[in-house]
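Engineer: Build the 3D model from these lines:
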Amino acid sequence: MTRRGMWARHFPGGGRGRTKRRAVALAAVAAALLPTAACDSSGDPAVPRPDHIVVVVEENRSYQSIVGNPEAPYLNELARWGASLTEFTAITHPSQPNYLALFSGSTQGVSDNSCPHTFTARNLGSQLLDADLTFAGYSQGMPHEGFTDCTSGAYARRHNPWVNFSNLPASVNRPWSAFPKDYADLPTVSFVIPDVENDMHDGSVRRADTWLRDNLGGYARWALSHNSLLVVTWDEDEDGASKANQIPTFLVGEQVRPGDYDEPNNLYGLLRTFLDAFGLPTLDHSSTARPIDVWRDGG
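Structural biologist: Here you go, the predicted structure:
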């Protein structure tokens, strides 16, 4: 029905004493004309199921340091292509607990960058494998599959959370060189961890921006037309004492509705989004987090 037809249906004539009824009808018309977001049975926003998710984690930059920064032209292009979360935060400081939080819903009691650790808790990778889906993490600079040393050149194990979980096979812990050339061959969910020279930890914003464009720009374009998703987030801001800990986070994909989104959320909510997308049980603190709502047609 057209807007004019709906109006005529609700307001067929004039007359006095109908002000209240008209006000109620006006509210009904407005509600009918506005798009509504789909929700699941819990009232949380429904998350569409992509064929592939690739998550890139960068290092130590605040939202204000990246958004609008001319040294990050490609990241700002991604922000325009997709959804930019303008009130998104990390969990704590320093780096390692945030990687664990995003991957398992908990910092696992870790409050520093010490290495090594071993955990048995459920995590995103184990949830996917238990559901006959696939997972892999690709770390730049890691010398070979299943590598467990704490460092190797510019590779840092503290940025690679899946290596710490004994309920995951060594085969999911892969070097960046194993990232598929054919994106259709990607696992259901992949993490990509640039080395410390290309993730803004030791190198510049410009260097990390260029690395991302050169290495994942093709996937970003492909995701826009192949029911897939690229997520770029950060571990923490650059101020280790910051209570706000606001970080940039961008989502680009075919089912993403582009724009700026100011609903507060954090890394636990991002994990909840991944789990909900594939109908997987929640993990620890992700169970009380709200999934991100940036989807076309409400998911």
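
Engineer: Residue 268 reaches residue 289, doesn't it?
Structural biologist: Yes: with contact defined as C-beta atoms under 8 Å, residue 268 and residue 289 form a contacting pair (4.0 Å). Every residue, glycine included, has its C-beta placed from N, CA and C.

Engineer: Let's verify residue 230: helix, strand, or coil?
Structural biologist: strand (DSSP: H, G, I helix; E, B strand; the rest coil).

Engineer: From residue 164, how far out is it?
Structural biologist: According to C-beta to C-beta, to the nearest Å, residue 230 and residue 164 sit 25 Å apart.

Engineer: again, but for residue 238
Structural biologist: Taken as C-beta to C-beta, the span from residue 238 to residue 164 is 25 Å.

Engineer: Looking at those two, which is more packed in?
Structural biologist: residue 164 (26 against 14; other C-beta atoms under 10 Å).

Engineer: so who does that one touch?
Structural biologist: Taking C-beta atoms under 8 Å, 6 or more residues apart in numbering as the criterion, residue 164 is in contact with 100, 108, 116, 117, 118, 119.

Engineer: Quick check: residue 242 vs residue 259, distance?
Structural biologist: From residue 242 to residue 259 the distance is 26 Å (C-beta to C-beta).

Engineer: To what extent is the spatially closest residue to residue 296 that is not a sequence neighbour buried, counted in neighbours?
Structural biologist: Distance criterion C-beta to C-beta, 6 or more residues apart in numbering; nearest residue to residue 296, sequence neighbours excluded, is residue 257 at 4.8 Å. Residue 257 has 17 neighbouring residues, counting by other C-beta under 10 Å.

Engineer: Make sure residue 257 is actually in contact with residue 294.
Structural biologist: Yes: counting by C-beta under 8 Å, residue 257 touches residue 294, with 5.9 Å between them.

Engineer: Which neighbours do those two have in common?
Structural biologist: Common neighbours of residue 257 and residue 294 (C-beta under 8 Å, 6+ apart) are residue 83.

Engineer: who touches the biggest helix by length in the chain?
Structural biologist: Of all the segments assigned as helix in the chain under DSSP state H, the longest by residue count is helix 205-223. Residues from elsewhere that reach helix 205-223 (C-beta under 8 Å, 6+ apart): 50, 52, 54, 56, 58, 61, 65-66, 69, 71-75, 78, 81, 183, 192, 194, 197-200, 228-230, 232, 252-254.

Engineer: and what of stretch 97-107?
Structural biologist: Stretch 97-107 has contacts (C-beta under 8 Å, 6+ apart) with 57, 90-92, 108, 110-111, 119, 121-125, 158-162, 164-165, 191, 233, 235-236, 267-268, 270-271, 282-287.

Engineer: Kindly report the same for stretch 265-277.
Structural biologist: For stretch 265-277, using C-beta under 8 Å, 6+ apart, the contacting residues are 40, 44, 46-50, 53, 55, 85, 87-91, 98, 101-105, 124, 127, 189, 231, 233, 249, 280-283, 285-292.

Engineer: which residues in the stretch 151-299 of the chain form helices?
Structural biologist: Using DSSP state H, counting those that start in this stretch, the helices of the stretch 151-299 of the chain run over 205-223, 267-277.

Engineer: just these: most buried one?
Structural biologist: Highest mean neighbour count of the helices of the stretch 151-299 of the chain: helix 267-277, a mean of 25 (counted as mean count of other C-beta atoms under 10 Å).

Engineer: related to what we said a few turns ago, closest one to residue 178 among the helices of the stretch 151-299 of the chain?
Structural biologist: helix 205-223 (13.2 Å; C-beta to C-beta).

Engineer: Am I right that residue 146 is in contact with residue 170?
Structural biologist: Yes: applying C-beta under 8 Å, one finds residue 146 in contact with residue 170, separated by 3.4 Å.

Engineer: circling back: got a PyMOL select line for the buried ones in the contacts of stretch 265-277?
Structural biologist: Entered in PyMOL, the line below selects the buried ones among the contacts of stretch 265-277, by 16 or more other C-beta atoms under 10 Å:
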select buried, resi 46+47+48+50+53+55+85+88+89+90+91+98+101+102+103+104+105+124+127+189+231+233+249+280+282+283+285+286+289+290+291+292
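
Engineer: how about the nearest residue to residue 85, chain neighbours excluded?
Structural biologist: Here the residue nearest residue 85, using C-beta to C-beta, 6+ apart, is residue 249, at 4.4 Å.
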